[in-house]
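Engineer: Fold the following for me, if possible:
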Amino acid sequence: LDLETTGIDTETCEVVEIAALKLRGNYPGPLEVVDSFWSLVKPEGPLPPEASAVHHIVGVDLDGAPSVLVAMHNQEGCLVDFMSGVDVVVGHNINTYDAPILDRLGVGLPCLLDTIRLAHHTFSELEQVGNATPSYGLEALRWRFGLHPRKGDWGEGHARWAPHAAAFDVATCRALLAYC
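Structural biologist: Alright, predicted model coming up:
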């Protein structure tokens with residue numbers, strides 16, 4: 001699961017994009033995609049240019065997008081429906097970012113597996129380059145380990161496929177989970 005938002009403060013930011021894959025299998029074995037969820041979300045407030053610079057979503061992209069209440073709770077195929085029956089939710093930095101936002105919005109999550117913590121544990125020996133601390137950010141790990149997110153995991157009707165687009169980041173997180 002991944003969210004793109006209007007900022008970094010989990011207490012005040014608004015969601016502008018949601019993506020999730022439903023997987024079946026037993027980790028560390030193969031994880032088969034059985035369903036996908038993706039939606040843009042129209043925030044109530046403005047979309048700051050600093051946020052757009054990260055995820056490349058601009059105001060016009062959100063014209064016609066549902067409100068957060070509709071996308072998460074009040075439409076057929078909403079996020080709450082999609083998450084029904086899910087035992088574990090996986091995400092990169094989900095414990096400190098996505099889960100608190102969803103909790104604030106009334107979307108409770110079951111057991112969480114944070115791939116940033118998994119990467120810290122699994123790759124604790126990452127080499128320091130110069131004075132730089134090794135990065136465990138999703139993009140840095142994608143490049144370091146040659147991870148290839150699969151666009152084919154997503155159904156029709158979603159066009160955002162680039163780093164920091166929610167669907168791309170979910171697919172990258174899936175590839176990282178398989179790599180670990």
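Engineer: And the helices in the chain, which stretches?
Structural biologist: 49-55, 68-72, 79-83, 99-104, 115-122, 138-145, 166-179 (DSSP state H).
Engineer: Show residues contacting the second one.
Structural biologist: If I follow you right, that is helix 68-72. 14-15, 18, 39, 41, 43, 65, 78-80, 102, 105-107 (CB atoms under 8 Å, 6 or more residues apart in numbering). C-beta here means a position set from N, CA and C on the backbone, and glycine is covered the same way.
Engineer: Go ahead and build a PyMOL selection from the buried members of those.
Structural biologist: Typed into PyMOL, the line below selects the buried ones among the contacts of helix 68-72, using 16 or more other CB atoms under 10 Å:
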select buried, resi 14+15+18+39+41+43+65+78+79+102+105+107
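Engineer: any chance of the contacts of helix 68-72 in CSV, with distance to residue 26 too?
Structural biologist: Formatted as CSV, the contacts of helix 68-72 follow (distance: CB to CB, whole Å):
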residue, distance to residue 26
14, 36
15, 31
18, 26
39, 29
41, 33
43, 38
65, 36
78, 28
79, 25
80, 26
102, 26
105, 31
106, 31
107, 26
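Engineer: Next step: the contacts of helix 68-72 restricted to strands.
Structural biologist: 15, 18, 39 (DSSP state E).
Engineer: For stretch 141-155, buried residues please.
Structural biologist: Buried-residue list, stretch 141-155, by 16+ other CB under 10 Å: 141-142, 147, 149, 153-154.
Engineer: Next: stretch 58-75.
Structural biologist: 61-62, 65-68, 71-72.
Engineer: And for stretch 39-55?
Structural biologist: In stretch 39-55, counting by 16+ other CB under 10 Å, buried: 39-43, 47, 51-52, 55.
Engineer: measure that stretch end to end?
Structural biologist: One end of stretch 39-55 sits 14 Å from the other (CA to CA, to the nearest Å).
Engineer: Residues touching that stretch, excluding its own?
Structural biologist: 4-7, 14-18, 57-59, 61-68, 71, 79, 164-166.
Engineer: go with 7 Å
Structural biologist: 4-7, 14-18, 57-59, 61-62, 65-68, 71, 164-165 (CB atoms under 7 Å, 6 or more residues apart in numbering).
Engineer: and that stretch, what's its mean pLDDT?
Structural biologist: Here stretch 39-55 scores 94 as its mean pLDDT.
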